[in-house]
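Enquirer: Below is the structure, and that's it, no one-letter string:
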């Protein structure tokens, strides 16, 4: 699954200097393509954000189906927390919540 690397020794230094590291070509092409397809087809994504300072989880597919007025109202709530100083909004697949029975498993 993981592609062979010749630059592993440089990665900690890159992380220390930038606070993050991106590893292009980190996965073997076959694995990366299979994972990408599984993730694109997966319907169990959870939209995670903060509203009123509290973490909230939403069904991502359901959020995509909201009518425009309701989605704008949701986006205003998200923006309000961002203006107050901290916010996040991302999709996640709750692998840890599912134990080892992971439906996104790509290769055995």
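Expert: Ah, there it is. Here the structure is a predicted model, which is why all the values come from computation and not from measurement.

Enquirer: Would you indicate which residues of the least confident helix or strand in the chain by mean pLDDT are buried?
Expert: Ranked by mean pLDDT, DSSP states H and E, the helix or strand of the chain with the weakest confidence is helix 29-41, at a mean of 87. In terms of neighbour count (16 or more other Cβ atoms under 10 Å), helix 29-41 has its buried residues at 34-35. For glycine as for every other residue, the C-beta is placed from the backbone atoms N, C-alpha and C.

Enquirer: ok, now which ones touch residue 92?
Expert: Residue 92 makes contact with 45-46, 48 under the criterion Cβ atoms under 8 Å, 6 or more residues apart in numbering.

Enquirer: Can you pull out the residues in contact with the top helix by length along the chain?
Expert: Secondary structure assigned by DSSP state H gives helix 68-83 as the longest helix of the chain. Residues from elsewhere that reach helix 68-83 (Cβ under 8 Å, 6+ apart): 49-53, 63, 66, 87, 89.

Enquirer: quick revisit: mind putting the contacts of residue 92 in CSV, neighbour count and distance to residue 59 included?
Expert: Shown next, in CSV, are those (neighbours: other Cβ atoms under 10 Å; distance: Cβ to Cβ, whole Å):
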residue, neighbour count, distance to residue 59
45, 18, 8
46, 16, 7
48, 16, 11
